[in-house]
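Colleague: Provided below for reference: sequence and predicted model.
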Amino acid sequence: MNLELERKCVNAIRVLSADAVEKAKSGHPGLPLGAAAMAYELWARHMNHNPQDPGWENRDRFILSGGHGSMLLYSLLHLFGYGLTKEDLAGFRQEDSLAPGHPEYGHTAGVEATTGPLGAGMAMAVGMAMGEAHLAAVFNKPYYPVVDHYTYVLGGDGCMMEGISSEAFSLAGTLGLGKLIVLYDSNGISIEGSTDIAFTENVEKRMDAFGFQTLTVEDGNNIEAVGSAIEAAKADKLRPSFITVKTRIGFGCPAKEGKASAHGEPLGESNVTALKINLGWDSMEPFHVPREVYENCRKLASEGEKKEAKWAAMFQEYKKSYPDTVRLWERYHDPDIRKKLLGDEAFWAFGDEPEATRNLSGIMINRLKDIVPSMIGGAADLAPSTKTYMKDEGDFAKGSYAGRNLHFGVRELAMSGIANGLALMGLKPFVSTFFVFSDYVKPMARLSALMKLPVTYVFTHDSIGVGEDGPTHEPVEQLAMLRAMPNFHVFRPADAMETAAAWYYAITAKDSPTALVLSRQKLPQLDGSCQESLKGGYILQDSEKEIPDAVIMASGSEVSLAAEARRMLAKEGIDVRVVSMPSMDVFEEQDEEYKNRVLPPSVRRRVAVEALSDFGWGRYVGLDGAYITMRGFGASAPADRLFKRFGITAECAAQAVRNLMGQNPGGSF
């Protein structure tokens, strides 16, 4: 080992990071300066990766959970030859840059996950490690370890303070994920100062209690010690490993080292100069890197090419020896089933009896599991209630990773982050909980949308229909919250056909997550329900007139109320169209001609019926319409009593139409 050359490579990461933050006048130099040595050692000598093929299936994964320190990652990508240029680094945090403020998956080659919300990367890393374990159990054969890689995640004190990391690591330890290695950048500083003001626990003892092997490197600049710890971590096949690496935030900058001010602001021009002098850097020119540093890093990177070539040769032999398994591999990695499902009568077939949409969803899951072998999922300790258990598919558990049923425990936030990690591994994950607890899920669901990951969120107990559990368990505002999220599709189906359509949409999605919002109570199968529901909104039951007197719109359990209101009004000579709106998001993606055909602009008498907040319905109801919705929280009583108490009834919907038409305007609803 040429220690002087190694020192230059480490310092190149520091200098590039400091220069980029300084040029942008924005960013976080502290983490890259402190963690440069451990990151370099990992990338140079322990991590299998190939810059010439960033998507190599068997590469080791590296996630920067402390995403604010993004220049650490960008500097590594630049030095090791992932195509990120000096000009890209100079454009750090600028418009359309390949070096945005926080790492963005799908935007920059070599970025494995979108990170920024602290702790999120830790949960996604657990999901990736679970995905590796599952795929290895399914596909590996004697002498053919076609899935055999590690997941590394680097984060700091903030990541360890966030509850999501504890949730995720508790599960990781329970599952014995031996190929998960956590690098803890322990510098004792957060934005407000010393972590002692709010964070004095013994982190290593916590991780030991979770079931991790714990290792400590006292000097984060000692790359030999870091390397030894990584090798010790890899040697433990039965436990995930947690390596505490003690560092100095802002290392090398005399005025900033060890101080909170190094965290999230540029060092300042004079301090960057002082940093370079202190590090013995041979040029004050911004973004200068010695030729020998590039040569060394590219030479190290070329080892990854050799490793991939060796793996590819093995995979060719594997294909000859196990053709049936390879066909399964292909189904896992490219499940294009749209046409097959659309024409599959059995997929869309249900009886006529009333049924809760959560039960119908459970039926769909068990139909799909045989069609989509990469489908994997479970619940936050609620599978019997959310109906998300796949029959005869086994449980994913320590020593039994081929199982497809996941048990997350009562950990909704980590569950959702883990689902993102599974999706990043190419699997088709679904997760579930009660709809009111989507509040716990939302931050990671937002990352699903940002990363364009086709994660399916199954939310049951969708309204005041929960009944006796009371307002703590009765969602009101959650549907509006999810509908407001970009690139996130929300389906609230009304019957079996719409539930099948929702699952079809979710399982065939390629670049967006989908939420299924499902009822606890039984709902009737509706006349007029059809595959048109794949358009998000459609005419369920039409008026006899070319232009209806009014339109009643509803979703989920309230669609049957809208249909009943139509029947009531028909007896009075009022001709109403019923529009089912299982997904506003998908409806908005249709062309204007279709949307205007379903909701004619000339029909201004419109009523929205939904046992949740009215927020979001305004675009369809307009200034002249009416709402039959919740205006406050629910209550504890049988469901049928609550629908009457809060005026979510067919009669109230009918009365709203009468009022809009000027008939019996004194009536209440």
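Modeller: Right, received. Where do you want to start? Numbers count the residues shown, from 1 in each chain.

Colleague: Give the rounded mean pLDDT of stretch 464-479.
Modeller: Averaging pLDDT along stretch 464-479 gives 97.

Colleague: Return the set of buried residues in that stretch.
Modeller: Across stretch 464-479, burial judged by 16 or more other Cβ atoms under 10 Å covers 464-467, 473-476, 478-479. C-beta here means a position set from N, CA and C on the backbone, and glycine is covered the same way.

Colleague: gap between Glu393 and Val147?
Modeller: In this view, Glu393 and Val147 are 19 Å apart by Cβ to Cβ, to the nearest Å.

Colleague: Would you mind putting the buried residues of stretch 464-479 into a markdown table with secondary structure alongside?
Modeller: Shown next, in a markdown table, are the buried residues of stretch 464-479 (DSSP: H, G, I helix; E, B strand; the rest coil):
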| residue | secondary structure |
| --- | --- |
| Ile464 | helix |
| Gly465 | helix |
| Val466 | helix |
| Gly467 | helix |
| His473 | helix |
| Glu474 | coil |
| Pro475 | coil |
| Val476 | coil |
| Gln478 | helix |
| Leu479 | helix |
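
Colleague: and which of the residues you listed is nearest to Asp640?
Modeller: Gly467 (8.3 Å; Cβ to Cβ).

Colleague: Not counting its neighbours along the chain, what's nearest that closest one?
Modeller: The shortest distance from Gly467 to any non-neighbouring residue, by Cβ to Cβ, 6 or more residues apart in numbering, is to Ala639 (3.8 Å).

Colleague: quick one: contacts for the one you found?
Modeller: 464-467, 520-521 (Cβ atoms under 8 Å, 6 or more residues apart in numbering).

Colleague: Quick one: mean pLDDT over the longest helix seen in the chain.
Modeller: Looking across the chain with DSSP state H, the single longest helix is helix 291-321. Averaging pLDDT along helix 291-321 gives 98.

Colleague: Which residues in that helix does the neighbour count mark as buried?
Modeller: 293-294, 296-297, 300-301, 304, 307-308, 311, 318.

Colleague: I'd like the residues you listed written out as TSV, with distance to Ala18 added.
Modeller: Formatted as TSV, those follow (distance: Cβ to Cβ, whole Å):
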residue	distance to Ala18
Val293	15
Tyr294	18
Asn296	20
Cys297	18
Leu300	23
Ala301	23
Gly304	27
Lys307	32
Glu308	33
Trp311	37
Tyr318	46
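
Colleague: OK, contacts around the residue nearest to the spatial centre of the chain?
Modeller: When Cα atoms, centre = their mean is applied to the chain, the residue found nearest the centroid is Ser448 (3.0 Å). Residues near Ser448 by Cβ under 8 Å, 6+ apart: 416, 419-420, 423, 455, 488, 513.

Colleague: got the angle for the host helix or strand of Ala123 vs helix 291-321?
Modeller: For Ala123, the enclosing helix or strand under DSSP states H and E is helix 120-139. If you take axes from the mean of the first three to the mean of the last three Cα atoms, to 10 degrees, helix 120-139 sits at 30 degrees to helix 291-321.

Colleague: The lowest-mean-pLDDT helix or strand in the chain - contacts with which helices or strands?
Modeller: Between all helices and strands in the chain, the lowest mean by mean pLDDT, DSSP states H and E belongs to helix 338-342, at a mean of 89. Helix 338-342 is packed against helix 496-508, with contacts defined by 3 or more Cβ pairs under 8 Å, 6 or more residues apart in numbering; DSSP states H and E.

Colleague: Ala229 versus Val126, what's the distance?
Modeller: 20 Å.

Colleague: Between these two, which has more neighbouring residues?
Modeller: Val126 (31 against 22; other Cβ atoms under 10 Å).

Colleague: hang on, isn't that one packed against Leu180?
Modeller: Yes - here Val126 lies in contact with Leu180, judged by Cβ atoms under 8 Å, at a distance of 6.5 Å.

Colleague: Can you pull the residues that touch both of these two?
Modeller: Contacts common to Val126 and Leu180, judged by Cβ under 8 Å, 6+ apart, are Ala172.

Colleague: how about the strands in the stretch 501-650 of the chain?
Modeller: Shown for the stretch 501-650 of the chain, the strands assigned by DSSP state E, counting those that start in this stretch span residues 514-517, 522-523, 538-541, 550-554, 576-580, 606-613, 626-630.
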